[in-house]
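K.L.:
Pasting the sequence and the predicted coordinates here, then a few questions.
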Amino acid sequence: MDGRVLVVEDDASIREVTALGLRRAGFRVDTAADGRQGLAAWRAGSVDLIVLDVLLPGLDGLQVCREIRRTSSVPILMLTARTDTIDVVVGLECGADDYLRKPFDLPELVARVRSLLRRSVNPPEPGPLRVGRLELDPGAFVARRDGHELPLTATEFRLLLELARRPGQVFTRELLLERVWEQGYLGDSRLVDVAVQRLRAKIEDDPANPRLIRTVRGAGYKLTPG
């Protein structure tokens with residue numbers, strides 16, 4: 001698998017090592033040293049995935065992520081040197097698909113990049129699926145509610161699709177991590193919680209009082225046809 005990856009990182013040594021590791025893994029790599037350069041590089045070319053540091057000079061990574069998410073569902077892997085939970089959660093709420101803490105091993109970074117690209121380009125299954133007011137077309141990565149297309153990222157689409165395959169079934173966070181974020185993925189359950197929160201904001205009439213994606217206390221989530 002190849003693809004064009006944009007690495008936005010202000011630390012020159014981390015930026016160069018990351019780019020070298022990705023190139024050796026078969027990816028084409030562009031780099032940027034700050035947020036404004038990153039946005040310019042994303043706008044200028046066809047980028048398949050962005051590796052985005054949180055702490056950038058000028059525009060920080062969170063601002064860059066928000067700006068990109070206004071018009072694009074390109075996969076975003078956030079890098080953070082912080083250990084604060086709030087930093088991770090805010091990054092995911094901005095629309096990042098995954099995150100990685102510094103210092104990280106290059107093989108882990110490459111594995112995360114490959115996983116995100118695989119999920120964004122490979123249709124989960126053929127044939128449309130309808131659940132209540134929702135219609136999902138896995139082949140096109142398109143979801144509609146009442147006939148109106150929903151602006152979902154690939155990760156959000158896969159999450160909704162997984163829930164929609166078995167309406168009413170309760171999915172644990174661990175199962176959703178395995179199914180949506182790839183089998184064997186050693187992730188953080190906050191990925192699921194924040195992705196559900198973002199998904200509710202796009203499909204629910206009242207995200208604060210969800211009627212489609214329900215939380216089952218102590219168990220997980222289920223989709224209820226609305």
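P.N.:
Nice, I can see it. Numbering: from 1, shown residues only.
K.L.:
Show me what V5 bridges to in the sheet.
P.N.:
V5 has the following beta-bridge partners by DSSP bridges: V29, L49.
K.L.:
could you list every residue that touches it?
P.N.:
Residues in contact with V5 (C-beta atoms under 8 Å, 6 or more residues apart in numbering) are 22, 27-30, 47-51, 113. For every residue, glycine as well, the C-beta is placed using N, CA and C.
K.L.:
Next: R217.
P.N.:
Contacts of R217 by C-beta under 8 Å, 6+ apart: none found.
K.L.:
what's the pLDDT at it?
P.N.:
Looking at R217, its pLDDT stands at 91.
K.L.:
Got phi/psi on it?
P.N.:
The phi/psi pair for R217 (degrees, to the nearest 10) reads phi -60, psi 130.
K.L.:
cool, and R15?
P.N.:
Dihedral angles for R15 - degrees, to the nearest 10 - are phi -60, psi -50.
K.L.:
right, and it touches G21 too?
P.N.:
No - if you go by C-beta atoms under 8 Å, R15 and G21 don't touch, sitting 11.1 Å apart.
K.L.:
wait, what's in contact with the residue lying closest to A219 once chain neighbours are set aside?
P.N.:
Using C-beta to C-beta, 6 or more residues apart in numbering and skipping the chain neighbours, the partner closest in space to A219 is V170 (5.0 Å). Residues in contact with V170, defined by C-beta under 8 Å, 6+ apart, are 216, 219-222.
K.L.:
Show me the shaky parts of this protein.
P.N.:
Applying pLDDT under 70 to the chain picks out residues 1, 82-87, 121-126, 183-187, 226.
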